[in-house]
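> Quick check, what structure comes out for this input:
(chains A and B)
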There are 2 protein chains.
Amino acid sequence: MQFELTREYIEILREVIDAKNKEKAISMAHELHAADIAGIYDELDIDEAKFLYLLLDGEKAADVLAELEDDDRERFLKVLPSDVIAKEFINFMDSDDAADVLADMPEDKKDEVLSLIEDVELAGDIVDLLEYDEDTAGGLMGKEYVAVNKNWNIAKCYEEIRSEADEVDDIFDVYVIDDDNKFQGVFSLKELIVADYEDEIKNVYSKKTHFAKTKMESEEVANIMDKYDLVTLPVIDDIGRLVGRITIDDVVDVIRDEAEKDYQMASGISEDVEHSDSVWRLTRARLPWLMIGLFGGVMGARVIGLFEGDLSANAETALFLPLIAAMAGNVGVQSSAIVVQGLAANTIGLESAFSKILKEISVALLNGIACAILILVYNLIFSDSLALTFSVSISLFIVIIFASIFGTFVPLALNKLKIDPALATGPFITTVNDIVGLAIYLIISRLLFIMII
Amino acid sequence: MQFELTREYIEILREVIDAKNKEKAISMAHELHAADIAGIYDELDIDEAKFLYLLLDGEKAADVLAELEDDDRERFLKVLPSDVIAKEFINFMDSDDAADVLADMPEDKKDEVLSLIEDVELAGDIVDLLEYDEDTAGGLMGKEYVAVNKNWNIAKCYEEIRSEADEVDDIFDVYVIDDDNKFQGVFSLKELIVADYEDEIKNVYSKKTHFAKTKMESEEVANIMDKYDLVTLPVIDDIGRLVGRITIDDVVDVIRDEAEKDYQMASGISEDVEHSDSVWRLTRARLPWLMIGLFGGVMGARVIGLFEGDLSANAETALFLPLIAAMAGNVGVQSSAIVVQGLAANTIGLESAFSKILKEISVALLNGIACAILILVYNLIFSDSLALTFSVSISLFIVIIFASIFGTFVPLALNKLKIDPALATGPFITTVNDIVGLAIYLIISRLLFIMII
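Okay, the predicted model is just below:
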C-alpha cells in the first residue's frame, strides 16, 4: 500500500514503456500517487516520460506536473507543444500550481499557452497570480477557497461548500467576507459541523485570525503558519479584500527549501542543486565558492609571503599555519550558523546586536581558553621552542575570539542591510577568518621569537 | 492584529508583573496567542514567568506550556509543585503534548504528576504514549482523533464529531475502523459535508490511504506527509489497530528540526542550541568539534613536521599550506552536504554508491581543472619557482579529487551503517581532508623540487 520506488520497478516500467504497451503502462501508473509518478521522472529518459505522462488522464497528469521538480518540469515542457500543455495539463491544475508552471516558461510560449486555456476563469486567475513575486504570499497562494458572506446562515454555508467542492480540492476552513469582499474572519469545518444548522455565520466565526498581505515574504508566511499551527492562511490585498489562500503543503516546501538553502550556502553551494542534477549544473553551483576559497588562499599565501624571512629562520612556525587557519574557519562557521538559524527561525531574541556579540565573546573566551591550554600542554611536551609554544597558544586564543565576533557580526550586519545572511556563512567567513588568523599568528610569532630568543 | 514582540512591550509587561498587577497582566496575556506568550518566556526571569503563567486559565496555560522550547519548559517545571503541574497544566493538554512534557521529567516527579492527573482516560493515554520512542510515529502521535465504524451512516458520523468536538481540537478528517478497531480508511470533513446525509460511510471513505506504524521513524513520517500533502496521518499498531493520529504541525517541527540539526552538525555544533541558550550550553555544544579540529591541526602539524627539512630549504612551500588545506576542506564540505541533503530529503536517487561517486568525480575533475589552471597562471606570473608552481597546481588538482570522493563516500557509508550521515560532515570531513591534503602537497613538492632543481 505504501509505494516504495525500487530499481526492479523502474526496470519493469521502462520495459513496458519501451514496448509501447499503453494498457499496461496506464494500469501501472493508475496505482500510483501523482507524487510517486513524479518521483519516477528522474529514472526515465525524456521520451519515456513523455509517453507515460501523456497517457495519464487530465487530473492526474496535472498533479504529476505540479509535483515535478522545477528543472525537471522545465525540461519536460520544452518537448511539448503549447496546446497540449494548455489542454492536457494546465486546464486541470489549481491556479497556484498553474502559475508556478507558467512562471518558468519563456515569455512567448507562456502567452501562447495562456491563450489556449479553455477555462477562462482559470486563465484569469493565473494571469493575476503571475503578477506576484514567487517569494511572497501572493506567489504562494491559490485562488481556490471557500468564502461566505458574514450575513449568511450556516445552511447557506453548507450549500456554498457543496457548490465549490469540485473547484477546491482541500477545504479545511471557510473564510468570511463582507459585501465588499473584505476579509472578516474564519471558521473551521469542525466549527461548521458543530454549529446549529439554523444559526447565523456571524455567531460562529472568529474575528481575530491570522492573515497575510500579498507582499508578505514567504519566509514570514511560513513562520506564522508554523508558529500558530495553521493549515491555511488567507491572503488579503492592500485594502483588505480577500484574494487568495495559502495551504500548509506549500509552506512545508518553503520551510524545507529555506533550511536546505541555508545549509547549502553554508557549505559553499551557490545554487539549489541535488545529487541527481547534471554534472555541469553541480559544477556550476560549486565552482564560484571554490574560486573565493582559492582567492582567499592566494591572499593567505601573500600574507605568509610577508613573513617568509621568519619562516626561513624558524621553519617550525610553518607547522601550525594550517591549524590556526582551520580553527579560525571552524569557529567562524559555528558562530555564523547559530546567528543564521536564529534569524531564519525568528528565535534570535530581542537583545541588541551589541549584547549578542558580547554573549558570543563569552562563549569564545571559554572555548579559546580551553583550546589554548590544550595546545600549550601539547607544545610544552613536544616542542623545543618556547617562542613557538607561546605563539601558537596566544594567537589561537586571539584568533578564536576574533573569528567568533566576525562570524556573529557579519550575518547580523547583512540582515540589517536586507541581504540574506546565509550568504555570509561558509566559504566567505571561513576565508576571511583564515587570512586574518594567519596574520595574527605570524605577527605574534615574530614578536615572541624576537623577545624570547 | 498580528502580534509583534517588541522591547517596549516586554518592558511594559515586566512592569505590570513586577507590580503584581494581576488584572492588567491577565488582560495583556488574554490578547495574545499561546505561541506568543511562550515566545515571551525568554525575556522574563523565572519568577516573572511563573507569576504570569499561573494567572492563565487552564486551556491557555496548557497551550503555552506545550509551545515552550524543551529546555525552557524543563527549567519552568522545576519550580512548580507536582499537583500544580497536573491540575493546572497537564489536565488541559492534548495527550501528545502532555506525554512530551512528562517525558522530560525526572522519573519520580513524572510518576507523582501522573498519579495526580484527574482525567483518568488522559492519564492512561499519556502512559501509553510514554512507551514510544520520541523519534517515531508513536512518539509524535496524539490519542485525540475521530474514528467511526465503517458500518455507520453519515448522520451518525455527524453525531460522533459533535460528541468528540470538545476532546479533539482540530478535526480535518475522520478515520474509519471496523468492529475490531482495525484501520480501514479515511475521509475528509469536506467529503462528509458533500455526502448525502442518509448515505453509508462505506460509500464515502477512501480505502487506499497512507498510514504510519508506531515504530516508523519521524523523518519517514515527515517525508510521507510532505510528499503526499497530508494534514493528518493515522497511526496503527503491529496488527493494524488504529492507535493515534499525527498532525501536520508536529511534522513541520520535525522537518525544521531535522534540517536545522543537519546544518548545525555540518557547522560543528553538536547539540541543538539557539543563540538564546546559556553561554555554558553554547560552549558545551561547540567545544567538542573544536577539539576535533584542534586534534586535526596537531596531526597536520606532525605531517608538516615530517617535511621540516624541505620547508627550511624551500620556505616558499609554506605559503600554500593553508590554501591546500582550505580547498580540501571546502570541497569535502560541498560534496558531503549534497549527499546528506539528498539522504534527508529522500531525493538521492536509485543509482548505486559507485555511480554516485563516479558522478562526483566528474564534477571534481571539472572543478579541479579550473582551480588548478587558475592557480597555475597566478604562480607563473608571481612565483620564481617552477617546482613550487607545478607542485601547487598538481597537488590542488589531486586534493580536489580526493576530497570529493571522501566527502561523498563517508556519508553514504555511514548511512549504510545506519549512523546519521550528518555526523560526518563539517569538522570531521574537513579535518581528515586537511591532513590528507597537506600530505599530498608536501610529497608532491618534495618530488618536484628534487626533479626540477
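> for chain B, what are the nearby residues on the stretch 1-150 of chain A?
A:1-2, A:5-7, A:10, A:33, A:35, A:42-43 (C-beta under 8 Å from any C-beta of the partner chain). C-betas here are computed from N, CA, C, even on glycine.
> Could you list the buried residues of whatever helix or strand residue A:403 lives in?
Using DSSP states H and E, residue A:403 maps to helix A:386-416. Within helix A:386-416, the residues that count as buried by 16 or more other C-beta atoms under 10 Å in any protein chain shown are A:387-412, A:414-415.
> PyMOL command to pick out the buried ones of the residues of the stretch 1-150 of chain A next to chain B?
Listed next is the PyMOL selection for buried residues among the residues of the stretch 1-150 of chain A next to chain B, using 16+ other C-beta under 10 Å:
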select buried, chain A and resi 5+33+35+42+43
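> Show me the residues of the stretch 1-150 of chain A next to chain B that map onto strands.
Within those, no residue falls in strands by DSSP state E.
> Closest one of the residues of the stretch 1-150 of chain A next to chain B to residue B:452?
Using C-beta to C-beta, residue A:42 comes nearest to residue B:452 of the residues of the stretch 1-150 of chain A next to chain B, at 48.0 Å.
> Surely residue A:182 touches residue A:240?
Yes. Look at residue A:182 against residue A:240 with C-beta atoms under 8 Å: they come within range, at 4.6 Å.
> now the helices: where do they sit in the stretch 151-300 of chain A?
Using DSSP state H, counting those that start in this stretch, the helices of the stretch 151-300 of chain A run over A:154-164, A:189-194, A:218-227, A:248-266, A:279-305.
> give the contact list for the residue nearest to residue A:234 when sequence neighbours are not counted.
Leaving out its chain neighbours, the residue that sits closest to residue A:234 by C-beta to C-beta, 6 or more residues apart in numbering or on different chains is residue A:211, at 4.7 Å. By C-beta atoms under 8 Å, 6 or more residues apart in numbering or on different chains, the contact list for residue A:211 reads A:183, A:233-236, B:2.
> Please, a PyMOL command that selects the buried ones among these?
Buried residues among the contacts of residue A:211 (16+ other C-beta under 10 Å), as a PyMOL selection:
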select buried, chain A and resi 183+233+234+235+236
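> of the contacts of residue A:211, closest to residue A:145?
Taking C-beta to C-beta as the measure, residue A:145 sits nearest to residue A:234 out of these, at 7.4 Å.
> for stretch A:29-48, the distance to its chain's centre please.
How far stretch A:29-48 lies from its chain's middle: 24 Å, per C-alpha atoms, centre = their mean, to the nearest Å.
> Oh, that last question was meant for stretch A:54-64, not what I typed.
28 Å.
> Next, the buried residues of that stretch.
For stretch A:54-64, the neighbour count (16+ other C-beta under 10 Å) marks A:55-56, A:60-64 as buried.
> what about the strands in chain A?
Using DSSP E, strands in chain A cover A:147-149, A:173-177, A:183-188, A:212-213, A:232-236, A:242-247.
> Name the strands paired with the second one and say parallel or antiparallel.
Using DSSP bridges, the strands paired with strand A:173-177 are strand A:147-149 (parallel), strand A:183-188 (antiparallel).
> most tightly surrounded among these?
strand A:183-188 (a mean of 21; mean count of other C-beta atoms under 10 Å in any protein chain shown).
> Tell me the gap between it and the middle of its chain.
Strand A:183-188 sits 30 Å away from the centroid of its parent chain (C-alpha atoms, centre = their mean).
> next one: stretch A:173-182
On C-alpha atoms, centre = their mean, the centre of stretch A:173-182 falls 32 Å from that of its chain.
> Output it as CSV, nothing but the C-alphas.
Extracted in CSV, the C-alpha atoms of stretch A:173-182 (Å, rounded to 0.1, in the frame of the first residue of the first chain):
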residue,chain,number,x,y,z
ASP,A,173,-11.9,26.1,6.8
VAL,A,174,-14.3,28.7,5.4
TYR,A,175,-13.3,32.4,5.0
VAL,A,176,-15.9,35.1,5.9
ILE,A,177,-16.1,38.2,3.9
ASP,A,178,-18.4,41.3,3.8
ASP,A,179,-20.4,42.7,0.9
ASP,A,180,-17.2,44.4,-0.5
ASN,A,181,-15.2,41.1,-0.4
LYS,A,182,-13.2,42.4,2.6
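> Distance check, residue A:114 against chain B.
26 Å (C-beta to the nearest C-beta, to the nearest Å).
> from what I can see that residue touches residue A:127, true?
Yes. The criterion here is C-beta under 8 Å, and residue A:114 meets it with residue A:127 at 6.8 Å.
> Looking at these two, which one has more neighbours?
Taking other C-beta atoms under 10 Å in any protein chain shown, residue A:114 and residue A:127 do not tie; residue A:114 has more neighbours (19 against 14).
> Poorly predicted segments of chain A, please.
A:1-2, A:346-351, A:453 (pLDDT under 70).
> Give me the domain ranges for it.
As assigned by automatic domain parsing, chain A contains the domains A:7-140, A:147-247, A:279-452.
> so what's residue A:3 up against?
The contact partners of residue A:3, by C-beta under 8 Å, 6+ apart, come to A:31-33, A:36.
> Let's see which of these end up in helices.
residue A:36 (DSSP state H).
> and the contacts of residue A:3, which are buried?
A:32-33, A:36.
> hang on, the earlier thing: return only those of the buried residues of helix A:386-416 found close to chain B.
Answer for these near chain B (C-beta under 8 Å from any C-beta): residue A:400.
> Output the contacts of residue A:211 as JSON lines; include the columns distance to residue B:324.
Listed next are the contacts of residue A:211 as JSON lines, based on distance: C-beta to C-beta, whole Å:
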{"residue": "A:183", "distance to residue B:324": "60"}
{"residue": "A:233", "distance to residue B:324": "50"}
{"residue": "A:234", "distance to residue B:324": "56"}
{"residue": "A:235", "distance to residue B:324": "52"}
{"residue": "A:236", "distance to residue B:324": "56"}
{"residue": "B:2", "distance to residue B:324": "52"}
